[in-house]
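Asks: The following block contains a protein sequence and its predicted model.
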Amino acid sequence: MRTRVQTVLLSSLLASLACHHEGEFGYLKFDLDPLVDPLIELHSGDQILFGSRICPQIVMAESEWIEDRAQFRGCFSETVTGPGWLDADGCLRFEGIGEVKSKFIWALTPSACGERAERLSFAIVDSTAHMQLGFDEWQLRALALAQDAGFGLQVEGLPPGGEAADLLEPDDTARRVFANQIDVPLMRMSNAKGTVYWTAPEVKLRGIGAGIATLASEHLAPGELAVRLAPGASGHIRATLPSGDTLNSPPLIAATIHDAASLDLLHVDTHLFADVRDAAGHRLHAAPIEWSVTEGALAITPGSLRNHARTREYASVDTRCQPPPDHPQHRQAIVRAQLGELEDTVVVEWHATPRTPTRPFVPNEDCSFAPPQPAPSSPCTCTTTPISPTPLLIFLALPLLLLLPLPPRRQNPN
């Protein structure tokens with residue numbers, strides 16, 4: 001058993017980490033849909049791929065949430081300078097129109113309800129020279145970000161002296177994936193200057209190599225690709241850019257259950273992560289973890305294409321399995337992650353609050369309950385079956401029978 005942790009039932013960790021991108025002057029914050037990837041904080045002046053299309057929404061002004069985003073955006077007059085334009089849908093198009101400069105500036109000047117000017121600028125990257133396509137471990141970056149003091153969370157289950165950042169592998173690391181399992185890598189582009197942002201669906205992603213299948217899913221986020229590797233398969237992911245150029249990712253390599261040498265169960269907020277490694281310390285992705293509750297009751301929802309956790313080495317937990325108590329009560333459950341002969345456990349603790357009269361109790365449909373404990377055994381440890389008296393009497397009487405005289409033999413008459 002690795003550790004004892006205190007669970008705080010907050011909203012989804014990943015949702016809480018989603019970024020709103022701040023304007024250059026600090027007045028407005030934006031959603032930049034469908035930017036890849038939203039967990040990286042884009043700053044005004046950062047790089048963006050030629051051919052991308054961003055449809056921004058104003059979500060905050062001076063830390064005040066904007067309810068009617070379209071109406072508030074209408075309070076500004078908008079201008080664009082540089083190689084691109086603002087299309088009829090209010091989206092920014094990063095494409096050359098005869099300009100030489102690569103800097104694109106979107107400026108907003110208040111004309112009605114807005115109070116201050118704001119702008120975003122981008123450096124357009126229009127060449128594949130020195131660009132790389134890598135794997136972005138966004139789920140693990142979310143765990144690392146959770147350790148920020150502002151969130152008040154802590155990653156539990158790390159080895160002594162370890163940090164959440166140690167879980168991250170460089171973008172150019174080969175990705176080892178358990179064969180016949182669905183993996184969902186998020187792709188990242190970069191060059192010598194850093195991250196190159198891009199948008200979907202302008203960039204096409206597909207698996208390349210024998211035994212690498214690509215799966216379609218409506219639940220995927222921009223920049224994600226669902227793949228399944230056959231045993232022994234190897235290859236890579238290819239990105240086709242708007243210019244027609246292509247980039248190849250580091251290798252995809254199929255792994256087997258025999259490659260797994262260690263399993264560490266980590267916990268933060270309402271999320272679990274089973275860190276599976278091979279003997280050389282390489283992380284193995286899409287581990288087919290078997291999740292169970294060995295004590296108490298807890299809802300465990302393994303990752304799948306239908307939820308944000310994506311793959312089975314991740315899971316979310318929920319304590320809504322037993323009715324609320326009449327008085328505040330301390331409760332706990334033990335969760336086990338198992339892969340073949342490897343396993344690790346964690347104790348999840350929480351404070352159950354009394355029932356709310358106006359809100360009926362509805363258990364989570366993914367609840368798991370620990371198997372019942374065997375009844376205490378009897379003090380008697382004797383396992384001998386009583387002997388039937390009839391065979392015993394026969395056995396004891398046998399010597400006496402042998403001592404009795406035999407009856408005289410009948411003589412045959414002549």
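Replies: That came in fine, so what should we check first?
Asks: Where does pLDDT dip in the chain?
Replies: Within the chain, the segments meeting pLDDT under 70 span 1-19, 38-40, 96-101, 144-152, 373-414.
Asks: At the geometric centre of it, which residue sits there?
Replies: For the chain, the residue sitting closest to the mean C-alpha position, by CA atoms, centre = their mean, is residue 309 at 3.1 Å.
Asks: check contacts around it.
Replies: Listed by CB atoms under 8 Å, 6 or more residues apart in numbering, the contact partners of residue 309 are 139, 271, 301, 302, 303, 315, 316. For glycine as for every other residue, the C-beta is placed from the backbone atoms N, C-alpha and C.
Asks: Quick check: helices, which of those residues are part of them?
Replies: Using DSSP state H, residue 139 are the members of the contacts of residue 309 that sit in helices.
Asks: Which of the contacts of residue 309 sits closest to residue 215?
Replies: Relative to residue 215, the closest of the contacts of residue 309 is residue 303; by CB to CB it sits at 14.6 Å.
Asks: Pull the number of nearby residues for the closest one.
Replies: Residue 303 has 23 neighbouring residues, counting by other CB atoms under 10 Å.
Asks: what's the answer for residue 357, then?
Replies: Per other CB under 10 Å, the neighbour tally for residue 357 reads 6.
Asks: Next, work out how far apart it and residue 347 are.
Replies: Counting by CB to CB, to the nearest Å, the gap from residue 357 to residue 347 is 31 Å.
Asks: next one: residue 103
Replies: From residue 103 to residue 347 the distance is 54 Å (CB to CB).
Asks: coming back round to it: of the contacts of residue 309 - the most surrounded one?
Replies: Greatest neighbour count in the contacts of residue 309, by other CB under 10 Å, goes to residue 315: 26 neighbours.
Asks: and the gap between it and residue 261?
Replies: Residue 315 is 22 Å from residue 261, by CB to CB.
Asks: same check, this time on residue 307
Replies: For residue 307, the distance to residue 261 - CB to CB - is 28 Å.
Asks: circling back: mind checking which helix or strand the residue nearest to the centre of the chain is in?
Replies: Here residue 309, judged by DSSP states H and E, is contained in no helix and no strand.
Asks: Could you do residue 221 as well?
Replies: With DSSP H and E as the criterion, residue 221 is inside neither a helix nor a strand.
Asks: so what's it up against?
Replies: Contacts of residue 221 (CB under 8 Å, 6+ apart): residue 186.
Asks: thinking again about what came up before, save the contacts of residue 309 as TSV, and put in distance to residue 37 too.
Replies: Formatted as TSV, these follow (distance: CB to CB, whole Å):
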residue	distance to residue 37
139	11
271	18
301	23
302	23
303	18
315	22
316	20
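Asks: and which of the contacts of residue 309 is nearest residue 126?
Replies: Among the contacts of residue 309, residue 139 lies closest to residue 126 (CB to CB), at 31.3 Å.
Asks: Report whether the expected contact of residue 133 with residue 191 is present.
Replies: No - using CB atoms under 8 Å, residue 133 is not in contact with residue 191, being 10.9 Å away.
Asks: just to revisit the earlier point, neighbour-wise, which of residue 103 and residue 347 wins?
Replies: residue 347 (18 against 13).
Asks: secondary structure element for the more buried one?
Replies: Per DSSP H and E: strand 342-352 holds residue 347.
Asks: Mind listing the strands that strand pairs with, and their directions?
Replies: As defined by DSSP bridges, the strand partners of strand 342-352 come to strand 4-6 (parallel), strand 329-339 (antiparallel).
Asks: CA atoms of the longest one as CSV?
Replies: The C-alpha trace of strand 329-339 is given here as CSV (Å, rounded to 0.1, in the frame of the first residue of the first chain):
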residue,chain,number,x,y,z
GLN,A,329,-18.6,10.8,9.1
HIS,A,330,-15.0,9.8,8.1
ARG,A,331,-15.0,7.2,5.4
GLN,A,332,-12.3,5.5,3.3
ALA,A,333,-11.8,3.0,0.6
ILE,A,334,-8.8,1.1,-0.8
VAL,A,335,-8.3,1.1,-4.5
ARG,A,336,-6.1,-1.4,-6.3
ALA,A,337,-4.5,-1.1,-9.7
GLN,A,338,-3.4,-4.4,-11.2
LEU,A,339,-1.6,-5.4,-14.4
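Asks: how about the helices in the chain?
Replies: Using DSSP H, helices in the chain cover 13-17, 69-73, 138-146, 389-403.
Asks: Could I get the full set of strands for the stretch 201-350 of the chain?
Replies: Counting by DSSP state E, counting those that start in this stretch, the stretch 201-350 of the chain has strands at residues 204-208, 212-215, 226-229, 234-240, 246-248, 252-255, 260-268, 271-278, 284-285, 290-295, 297-302, 314-318, 329-339, 342-352.
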